[in-house]
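> model this:
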Amino acid sequence: MKTLKSHTISPFGGYNFVIDELDKQGIDKLLFKNLPLLPHQSKYSWKDLIYNLWGIYFCGGDSIEDLSLNLKGSYGRNPKIKSPSPDRVLNRMKELAIPTTKFATPRGKRAIHEFGINDKLNSLNIRLLKKLKLLKTTDLVLDYDNTILYTKKKDAAMTYKKEFGYCPGVAIINNKIIYVENRNGNSAAANLQEDTLKRMFLLLEEQNIKIDKFRADGASYKLSILPILRKNTNTFYIRANMSEPLMKAITNIKNWNEVVIDGEVTYRGSIDFTPFISIAKRNSTKGLLKTYKLIVTKIRRIDGQSNVFSKEPYNYHAILTNDDEMTNDEVVFFYNQRGAIEKEFDVLKNDFGWKKLPFSKLENNTVFLILTAMCRNIYSFIIQTFSETYKNLSSHYRIKKFIFRFICIPAKWVLKSRQWKLRIYGEIAFKT
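Alright, predicted model coming up:
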């Protein structure tokens, strides 16, 4: 079979519509205003550099090398954007990095924790969300969690999973990434989390964002964190870790109600509970103590083994909250919805490059994580906006299906009557 080559035709013509929409929303101006001024002789603007980085994932790539291997020249004679090399993009990203901050734990084994803190890029990300109107102004629910990124980069430390990697903390509001703080693998989610949350809430306050409800797992169940949550949120919901005082409180619950979950009979009750009394006494911080509502669900053990404290054959799941308005069942249902954050980690890792970190240093990879999180947020806007116009798109599609149905349209730019026009080799189904 004989073939003819045509280097001016791009197989990713649909990305031109993404670029055009971002320019209409003023994202190019937002980047120029909030990122460092580039040298006058610089060939590429921040728009060229960042749009090309985002274009990797909008065009089905998964690593920075795809700029040269698969996307080189794919934009053709594009009047809207220039195509830099991967090295140029990486070097400019390094210029956005802030040196790693090192902390030592205040007590116990003096471990050194390395954190990648980049408030400037996190602030830019929040401004982008507000620019695209992706954040509601009221009733905001923030989920915080950490995930492990397995990597054998030069400075990666051993995680509790006995593999090398990083352990970034991520805050999400309604599937929008609001804050990212990288940390080395030896820094578990609970280590110095109170400092991370203080930085996050301060940044949100500077952007006039008030959180209504906060959800997190047991890593946030700490005496030092609860006052921070009381100050910066209206209500919070934390999974309580089992301990002797907690189990003693559970044995005092009298109002157990039967609840059927997936055909299985369970029991649910609540009690007023003041956590961390012994820790507060030991650290002379009794002023931090406060009584909260403890909601407990108990599930019968299959093996019939009795709990040493309750003398009952049950497993217990407890949620600590300061919400006095929701019923016990409503609190448990609301808390369980935070399971959606695991889906977001899957999206970030498999759709937006978090599995393939490009740098050897934590601070540089922090820049990459935030910029690709911004790409994830932009995709939320693009698929929501485009699905209102194009028939073959739906707002719940992941990016792979969006690429197949929209991005992969052959196209090229032609200069006609002194105007650049995009010639599409195919049909785009508009809604009528």
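> Just the buried positions in stretch 10-24, please.
10, 11, 12, 13, 14, 15, 16, 17, 18, 19, 21, 22 (16 or more other C-beta atoms under 10 Å). Every C-beta, even on glycine, is put in place using the N, C-alpha and C of the backbone.
> and residue 179, helix, strand or coil?
Three-state call for residue 179 (DSSP: H, G, I helix; E, B strand; the rest coil): strand.
> Who is the nearest residue to it once chain neighbours are set aside paired with across the strands?
Counting by C-beta to C-beta, 6 or more residues apart in numbering, residue 171 is the residue found nearest to residue 179 once chain neighbours are left out, at 3.9 Å. The partner list for residue 171 in beta bridges (DSSP bridges) reads residue 144, residue 179.
> Among the buried residues of stretch 10-24, which lie within helices?
15, 16, 17, 18, 19, 21, 22 (DSSP state H).
> Pick the one among these closest to residue 418.
Residue 418 lies nearest to residue 16 out of these, by C-beta to C-beta, at 19.4 Å.
> Make sure that closest one is actually in contact with residue 424.
No. The criterion here is C-beta atoms under 8 Å, and residue 16 misses it with residue 424 at 9.2 Å.
> ok, and for stretch 217-236, which residues are buried?
217, 219-226, 228-229, 232-233, 235-236.
> Just the ones of those in strands?
233, 235, 236 (DSSP state E).
> residues touching the first one, list them.
Read that as residue 233. 142, 211, 212, 213, 214 (C-beta atoms under 8 Å, 6 or more residues apart in numbering).
> List the beta-bridge partners for it.
Where residue 233 sits in a bridge, its partners, by DSSP bridges, are residue 211.
> Tell me where the protein has helices.
Under DSSP H, the chain gives helices at 15-24, 27-34, 46-58, 66-69, 86-94, 119-131, 193-206, 226-232, 244-251, 277-283, 328-336, 340-351, 362-386, 399-402.
> ok now the last one, how far from the chain's centre?
Meaning helix 399-402. 19 Å (C-alpha atoms, centre = their mean, to the nearest Å).
> So which elements touch it?
helix 362-386 (3 or more C-beta pairs under 8 Å, 6 or more residues apart in numbering; DSSP states H and E).
> Against which helices or strands is the helix it packs on packed?
helix 15-24, helix 46-58, helix 86-94, strand 112-116, helix 119-131, strand 176-183, helix 340-351, helix 399-402.
> Please compute how far it lies from its chain's middle.
9 Å.
> Now that helix: buried residues?
For helix 362-386, by 16+ other C-beta under 10 Å, it's 362-383, 385-386.
> average pLDDT across that helix?
Averaging pLDDT along helix 362-386 gives 96.
> quick one, it and helix 27-34 angle?
150 degrees (axes from the mean of the first three to the mean of the last three C-alpha atoms, to 10 degrees).
> need the contact list for residue 38.
44, 45, 46, 92.
> scratch that, residue 226
236, 238, 275, 288, 290, 292.
> If we use 7 Å, what do you get?
For residue 226, the contact set (C-beta atoms under 7 Å, 6 or more residues apart in numbering) is empty.
> what ranges of the stretch 301-432 of the chain fall below the confidence cut-off?
432 (pLDDT under 70).
> typo on my end, it should be the stretch 1-150 of the chain
Residues of the stretch 1-150 of the chain that meet the cut-off, pLDDT under 70, sit at 2-7, 73-77, 106-110.
> Can you measure across stretch 17-30, start residue to end residue?
19 Å (C-alpha to C-alpha, to the nearest Å).
> returning to what we had before: between residue 16 and residue 424, what contacts are shared?
Common neighbours of residue 16 and residue 424 (C-beta under 7 Å, 6+ apart) are residue 411.
> Residue 363 versus the residue positioned nearest the centre of the chain, what's the distance?
Central residue of the chain (C-alpha atoms, centre = their mean): residue 177, 4.0 Å from the mean position. Distance, residue 177 to residue 363, by C-beta to C-beta, to the nearest Å: 19 Å.
> what's the answer for residue 205, then?
25 Å.
> which residues does the residue nearest to residue 399 when sequence neighbours are not counted contact?
In this structure, residue 399 finds its nearest non-sequential neighbour in residue 351, 4.9 Å apart by C-beta to C-beta, 6+ apart. Residues near residue 351 by C-beta under 7 Å, 6+ apart: 57, 398, 399.
> Columns neighbour count and distance to residue 346 on top of those residues, output as TSV?
Formatted as TSV, the contacts of residue 351 follow (neighbours: other C-beta atoms under 10 Å; distance: C-beta to C-beta, whole Å):
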residue	neighbour count	distance to residue 346
57	20	14
398	14	10
399	21	12
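> Dump the residues you listed into CSV; add distance to residue 126 as well.
Formatted as CSV, these follow (distance: C-beta to C-beta, whole Å):
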residue, distance to residue 126
57, 21
398, 24
399, 22
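> Domain-wise, how is the protein divided?
15-95+387-424, 101-351 (automatic domain parsing).
> how about those in a markdown table, adding distance to residue 1?
What follows is the domains of the chain, written out as a markdown table (distance: least, C-beta to C-beta, whole Å):
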| stretch | distance to residue 1 |
| --- | --- |
| domain 15-95+387-424 | 19 |
| domain 101-351 | 34 |
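> if we can go back for a sec, report the contact partners of the residue nearest to the residue nearest to the centre of the chain when sequence neighbours are not counted.
Distances taken as C-beta to C-beta, 6+ apart put residue 373 closest to residue 177, at 4.0 Å, once the chain neighbours are dropped. Each residue near residue 373 by C-beta under 7 Å, 6+ apart is listed here: 125, 177, 180, 348.
> OK, contacts around the spatially closest residue to the last one that is not a sequence neighbour?
Nearest-residue entry for residue 348: residue 354, 4.5 Å, with adjacent residues in sequence omitted and distances by C-beta to C-beta, 6+ apart. Shown in contact with residue 354 (C-beta under 7 Å, 6+ apart): 149, 348, 369, 372.
> Starting from residue 391, give me the distance back to residue 354.
In terms of C-beta to C-beta, residue 354 sits 32 Å off from residue 391.
> where does the stretch 151-300 of the chain have low pLDDT?
For the stretch 151-300 of the chain, no range has pLDDT under 70.
> Just give me the neighbour total for residue 306.
By other C-beta atoms under 10 Å, 11 other residues sit near residue 306.
> OK, contacts around the nearest residue to it once chain neighbours are set aside?
Nearest non-adjacent residue to residue 306, counting by C-beta to C-beta, 6+ apart: residue 313, 5.1 Å away. By C-beta under 7 Å, 6+ apart, the residues touching residue 313 are 300, 301, 304, 305, 306.
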